[in-house]
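K.L.:
Structure of the sequence below:
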Amino acid sequence: MSNHSRTCAVIVLICALMAVLCASGAMAGSVGDPAGATTGGSGDVIGAAPNSPTQKDLDAADKTEPFAKKLAETVGQNRVAINMSWTLIAAFLVMFMQAGFALVETGFTRAKNAAHTMFMNFSVYAIGIIGFFVAGFAIMYGAAGAIGNLGGTPTLAGGHEFVLTILGKKFGLFGTSGFLLQGPYYDIGVAALFVFQMVFMDTAVTIPTGSMAERWRLASFLVYGLFMSIILYPVFGNWAWGGGWLSQLGANFGLGNGYVDFAGSGVVHSVGGLCALAGAVVLGPRIGKFSRDGKANAIPGHHIPMAILGTLILAFGWFGFNPGSTLGMSGGGNLRAAMVTLTTMLASASGCAAAVIYMLCKTGKPDPTMGANGMLAGLVAITAPCAFVTPGEAFIIGAIAGVLVCIGVAVLDKIHVDDPVGAVAVHGMNGLFGVLCVGLFADGTFGGGLNGVSHGVVGLFHGGGFGQLGAQLIGCITLLVWALGGSYVYFKVMNKIIPMRVSKDDELAGVDMSETGLLAYPEFEVK
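P.N.:
Residues are numbered from 1 along each chain as shown. Here you go, the predicted model:
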């Protein structure tokens, strides 16, 4: 069977399976609250937990002071509306980061591959949404527990999780309900969470398009998008954010608050960055990247201004990424979003400055490309600890990340891993660093009640001992095994079924015409 026939067969099989799932979803029975008619009420008033004094007063007022009860209903509904609005607006900002990634990666690659690189960043958005809708969200959040900020989402609290019980301890592995958002998952609270998490997932799916740019066949890439959005990202996401075993390391074993990753240094960026590393290794370097003596040759991108603009768009979108992860602005410490915004901004600035200074000292030139990657590295590193550290510590974290990305790019060249845009160093290495920063720098002023642990998140440098750091280390090891190891196995197997790399002739000519049928710059002779 030819490569083309095998590609078509795989795609037809995937489409057939999705059609069956969609048909089963259309026949689902009961629904949640798709119109928002019952979401938000007196139970959402701050302090009105079941059996609390506030709730008892509200119950008593239902008979004696009906206006007060009606007012409480309105206040509760408005609180949910504020939180849902904030969550959706943040999701819109994160969605626009897709444009930033497209500009950065296209600017850092050669003109003869610009249309191909841009199309990968564009199409992965659609592929990721489909995969996450069909199964990814269910695997990640099928039994996450109620999200109080979004109206309680009772469906999630009543969902199903595949759980292993070992020595009396429960280890959640993946959700088993909510496929296609059917039945009771047809609900506005679930919809808001889905939209927010979907754009996070698409961020992770996009990252490997940079490390594998200029030589990745589109057919193989499209199938990869489903693997990432249905399996690789949601499973680790469940372990960390969906109530799975990593999040319970604190409750089960006393390791701080369990694995903590506020906005996704590990869940999003390390998963994407380590997958990018595995893909780059399996795919191999671009022709001409390394000489016979092993020396790395620079292959400059064709449009640095485009990449700089993309970096600024990403930095702007990060204000949805990190502050938006409070999932609200009303009650429950959600005003911490202001501090999260500040720490995010400071880390981006110090990351950029540190990278520029490092390159200036090393080469005598500031290197705008490393300045851009330094800013992104600072943002990646602060994403996990952004809610738990002081402004000064955020500045330090960003500066370290800015230097680390420069070193990381050099190390990858030394070991002959070709990453055209620096995705592995930016997202993979600094994602792991950001995860560890929670266990080092968290100051204990935020996170009380997180993952079922009453106290705030406290790291080693603030007297928290090694408990939280231990949980973060376990998270990092898990990321290396699952994201790096799992991706490597996937790419090796997929390469046998649908060859991943374009032909030598197509690579030398540029993959725009051979893979997309169009040239990014048809008016010019591109070399």
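
K.L.:
for the chain, longest helix please?
P.N.:
In the chain, taking DSSP state H as the definition, the longest helix is helix 66-108.

K.L.:
tilt between the next helix or strand after that one and helix 66-108?
P.N.:
Scanning forward in sequence from helix 66-108, with DSSP states H and E defining helices and strands, the next element found is helix 114-131. Using axes from the mean of the first three to the mean of the last three CA atoms, to 10 degrees, the interaxial angle of helix 114-131 with respect to helix 66-108 works out to 150 degrees.

K.L.:
Which residues outside helix 114-131 are in contact with it?
P.N.:
Helix 114-131 is contacted from outside by 18, 98, 101-102, 105-106, 109, 198, 201-202, 205-206, 209, 213-214, 216, 218, 221-222, 225-226, 228-230, 302-303, 511-512, 515-516, 518-521, using CB atoms under 8 Å, 6 or more residues apart in numbering. Every C-beta, even on glycine, is put in place using the N, C-alpha and C of the backbone.

K.L.:
Next step: the residues you listed restricted to helices.
P.N.:
For these, membership in helices holds for 18, 98, 101-102, 105-106, 198, 201-202, 205-206, 209, 218, 221-222, 225-226, 511, with DSSP H as the criterion.

K.L.:
Tell me the helices and strands packed up against the longest helix of the chain.
P.N.:
Applying 3 or more CB pairs under 8 Å, 6 or more residues apart in numbering; DSSP states H and E, one finds that helix 66-108 makes contact with helix 53-64, helix 114-131, helix 188-206, helix 208-211, helix 304-321, helix 368-383.

K.L.:
export those to a markdown table and tack on mean neighbour count?
P.N.:
Below are these laid out as a markdown table (neighbours: other CB atoms under 10 Å):
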| stretch | mean neighbour count |
| --- | --- |
| helix 53-64 | 14 |
| helix 114-131 | 22 |
| helix 188-206 | 25 |
| helix 208-211 | 30 |
| helix 304-321 | 20 |
| helix 368-383 | 30 |
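
K.L.:
Make CSV out of those and add mean pLDDT.
P.N.:
Output for the helices and strands packed on helix 66-108, formatted as CSV (pLDDT from 0 to 100):
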stretch, mean pLDDT
helix 53-64, 72
helix 114-131, 97
helix 188-206, 96
helix 208-211, 97
helix 304-321, 98
helix 368-383, 98
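
K.L.:
Nearest to Val453, out of these?
P.N.:
Across the helices and strands packed on helix 66-108, the minimum distance to Val453, taken as CB to CB, is reached by helix 368-383, at 21.2 Å.

K.L.:
Quick one: work out the angle between the longest helix of the chain and helix 188-206.
P.N.:
Inter-element angle recorded for helix 66-108 and helix 188-206: 10 degrees (by the same axes, to 10 degrees).

K.L.:
For helix 66-108, what is the distance to the chain centroid?
P.N.:
Between the mean C-alpha point of helix 66-108 and the mean C-alpha point of its chain there is a distance of 17 Å (CA atoms, centre = their mean, to the nearest Å).

K.L.:
And the contacts of helix 114-131, which of them are buried?
P.N.:
With neighbours counted using 16 or more other CB atoms under 10 Å, those contain these buried positions: 18, 98, 101-102, 105-106, 109, 198, 201-202, 205-206, 209, 213-214, 216, 218, 221-222, 225-226, 228-230, 302-303, 511-512, 515-516, 519-520.

K.L.:
about what we covered before: the longest helix of the chain versus helix 368-383: what angle between them?
P.N.:
Using the same axes, to 10 degrees, helix 66-108 lies at 150 degrees relative to helix 368-383.

K.L.:
Let me know the angle separating helix 66-108 from helix 53-64.
P.N.:
In terms of direction (the same axes, to 10 degrees), helix 66-108 departs from helix 53-64 by 130 degrees.

K.L.:
Can I get the helices and strands packed on helix 66-108 in JSON lines including distance to Ala394?
P.N.:
As requested, those are arranged in JSON lines below (distance: least, CB to CB, whole Å):
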{"stretch": "helix 53-64", "distance to Ala394": "35"}
{"stretch": "helix 114-131", "distance to Ala394": "29"}
{"stretch": "helix 188-206", "distance to Ala394": "21"}
{"stretch": "helix 208-211", "distance to Ala394": "25"}
{"stretch": "helix 304-321", "distance to Ala394": "13"}
{"stretch": "helix 368-383", "distance to Ala394": "6"}
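
K.L.:
Among the ones you listed, which comes closest to Phe92?
P.N.:
Taking CB to CB as the criterion, helix 304-321 is the member of these that comes nearest to Phe92, at 7.0 Å.
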